[in-house]
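Trainee: all I have is the shape, not the residue letters:
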């Protein structure tokens, strides 16, 4: 795993499948959503796949799993039955996760610990970039928005 860094990210959009649920429900709902997305995009390996999570409070989350694109380019990317979720620009803390996908939550925990150690507050958005249409594993860029 590489070092944690603070960066300025520009706004982006994820065109994909929405999921709303409690943290406990996400373990079932998110894999189902990835399967639905893969059925809709086929093997279009040119897409950069990502997941954005927004903390809605009260233990509920809104996730969108899909193709990451620039805000202006999103209107040209059409995936049947999908929604657009805005990923705000601003200050983010990020790192590269190079382990198994099942350990991604631990790496997000490291990012949250770093934010707290620096006296900051996390914002409601988390971003995970690095999924592939063919399901091959690889590194993921994980980022947490700063409040």
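Mentor: Thanks, I have it. No experiment lies behind these values; they were computed from the predicted model shown.

Trainee: can you map out the strands along this structure?
Mentor: Taking DSSP state E to define them, one finds strands in the chain at 5-9, 12-22, 49-57, 60-70, 83-87, 90-97, 122-131, 140-146.

Trainee: name the helix or strand of the protein that has the lowest mean pLDDT.
Mentor: helix 23-41 (a mean of 90; mean pLDDT, DSSP states H and E).

Trainee: which of the residues in that one are buried?
Mentor: 26, 29-30, 33-34, 36-38, 41 (16 or more other Cβ atoms under 10 Å). Backbone N, C-alpha and C define where each C-beta goes, glycine included.

Trainee: what does it contact?
Mentor: 16-19, 21, 47, 49, 51, 59, 61, 63, 65-67, 79-82, 131, 133, 135 (Cβ atoms under 8 Å, 6 or more residues apart in numbering).

Trainee: quick check: mean pLDDT across stretch 87-99?
Mentor: Taken as a whole, stretch 87-99 has a mean pLDDT of 95.

Trainee: how many other residues sit next to the nearest residue to residue 42 once chain neighbours are set aside?
Mentor: Nearest non-adjacent residue to residue 42, counting by Cβ to Cβ, 6 or more residues apart in numbering: residue 133, 7.6 Å away. Neighbourhood size, residue 133 [other Cβ atoms under 10 Å]: 17.

Trainee: quick check on residue 133: phi, psi?
Mentor: Main-chain dihedrals, residue 133, degrees, to the nearest 10: phi -60, psi -40.

Trainee: quick check: pLDDT value at it.
Mentor: For residue 133, the model assigns a pLDDT of 74.

Trainee: so it touches residue 49, yeah?
Mentor: Yes. Using Cβ atoms under 8 Å, residue 133 and residue 49 qualify as a contacting pair, with a distance of 6.7 Å.
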